[in-house]
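Trainee: Provided below are the primary sequence and the corresponding predicted coordinates.
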Amino acid sequence: MKTLLPPNRFKHAVVARQAQIGLWSSLCSNLTVEVIAGAGFDWLLLDTEHAPNELPAMFNHLQAMTGGTASAVIRPAWNDPILFKRYLDIGAQNFLVPMVQNADQARAAVAATRYPPSGIRGVSVANRANRYGRVKDYFQRANDEICVVVQIETREALANLEAIAAVPGVDALFIGPSDLAADLGQLGNPGHPVVRTAIEAALLRIHQTGKASGILTGVEADARHWLALGSTVVAVGSDLSLLAKHSEELAARFKTPAAIAS
C-alpha cells in the first residue's frame, strides 16, 4: 500500500485567505486537547512559550488531535532550529513563531522548517512525520506543506513589517496584542485606543503585502471586528479561560446569597 503525504489544509486555507477560527490550548492535557480538537475549530494553538508543555506532551497532544476538526499549530518557546526540528519530526506542520523582529529572524524560522537546500532541517528517515518511513514522497513534498506564521509583537517588528512579510515561506503575520501593548506603554491593556489604532494600521499594512494576518482575542466583539477587517488566522479564546470562566459562573450560581437562600 502506497502512503502519501496529505495536503496541509490549514496552510492552504491561510494562503487562500479563508478565515480560520482557532482556540488557544494552554492546559497541558491531551484529554483536553482531544475534546476541543473535535469541537469544530479550524485550528488549535498548542503553546510551549507560555505553557509548561514539553516534547513528550506535545507528541501526545498531536496524537489526541487525530480525527478532530482542528489542525495543530505549535508555538515553540523560541525561534530555535533545534526546537523546530524536534516538533517537525513528531508531525507538526504549522508553527506560530514568537517575537519575530526583522526579516533575518523570519528567514531563520523558515530555514529551520525546510530541508536542504532550501533550509537547515535535519534529516531523520523514520519518524511520526513521515509515518515512520511509510510516506514515500515525504522528502519531496514536506517543505511545501509547512506553514510558518510569525508573531509581530513590538514597535521594532511593526517598523520592519513589510520586510518580514516579503520573506519567502512566511505565510502569515500574527499580531500579539499583549506584548505589543506592553511595548507601547500599555502593559495589561491591549484594548487601549493607542494599541487598537496600532493593530488596525498593522493589519491594513499586512493585507497590502498580500499576506494573511492573524490575531488572538478573548473578546467576541473584538474577534468579529478583526475578522471584518480581513484577518484570516483568528484565535477567539483559550481552553484555560473557558474553564476558569465557566467554573466561576457555576460556583457563583450556587454560592451567592440568593442561591443559598433558595
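Mentor: It's in. Remember, predicted model here, so these are calculated numbers, not experimental data. Numbering: from 1, shown residues only.
Trainee: what residues does stretch 202-215 touch?
Mentor: If you take CB atoms under 8 Å, 6 or more residues apart in numbering as the criterion, stretch 202-215 is touched by 14-15, 17, 149, 152, 158, 161-162, 165-166, 170-175, 177, 199, 226, 229-235. Every C-beta, even on glycine, is put in place using the N, C-alpha and C of the backbone.
Trainee: and it, what's buried?
Mentor: 202, 203, 205, 206, 207, 209, 211, 212, 213, 214, 215 (16 or more other CB atoms under 10 Å).
Trainee: now swap in stretch 63-78 and tell me
Mentor: 64, 65, 68, 70, 71, 72, 73, 74, 75, 76.
Trainee: give me the distance between the two termini of that stretch.
Mentor: Distance across stretch 63-78, first residue to last, is 23 Å (CA to CA, to the nearest Å).
Trainee: what about residue 186, how many residues close to it?
Mentor: Neighbours of residue 186 under the rule other CB atoms under 10 Å: 18.
Trainee: what about it? Give its phi and psi, please.
Mentor: Torsion angles at residue 186 (phi, psi; degrees, to the nearest 10) stand at phi -130, psi 50.
Trainee: pretty sure it contacts residue 192?
Mentor: Yes: contact status for residue 186 versus residue 192: in contact at 4.3 Å, counting by CB atoms under 8 Å.
Trainee: where exactly do the helices run in the chain?
Mentor: For the chain, the helices defined by DSSP state H occupy 9-15, 30-37, 55-64, 81-89, 103-112, 138-141, 155-159, 161-165, 177-183, 193-209, 220-228, 239-255, 257-261.
Trainee: got a list of contacts for stretch 176-190?
Mentor: By CB under 8 Å, 6+ apart, stretch 176-190 touches 98-99, 151-155, 158, 192, 194-195, 198-199, 215-217.
Trainee: now, among those residues, which is nearest to residue 45?
Mentor: The shortest approach to residue 45 among the contacts of stretch 176-190 belongs to residue 216, at 8.0 Å (CB to CB).
Trainee: gap between that closest one and residue 97?
Mentor: Per CB to CB, to the nearest Å, residue 216 is found 14 Å from residue 97.
Trainee: with residue 111 instead?
Mentor: 12 Å.
Trainee: for stretch 12-31, which positions count as buried?
Mentor: Applying 16+ other CB under 10 Å to stretch 12-31 flags 13-14, 17, 20-30 as buried.
Trainee: can you give me the first-to-last residue distance of it?
Mentor: 28 Å.
Trainee: pull the number of nearby residues for residue 142.
Mentor: 20.
Trainee: which parts of stretch 178-196 are buried?
Mentor: For stretch 178-196, the neighbour count (16+ other CB under 10 Å) marks 178, 179, 180, 181, 182, 183, 184, 186, 190, 195 as buried.
Trainee: so how far is residue 68 from the fourth one?
Mentor: If I follow you right, that is residue 181. 32 Å.
Trainee: what does the last one give?
Mentor: Using CB to CB, one obtains 33 Å as the distance from residue 195 to residue 68.
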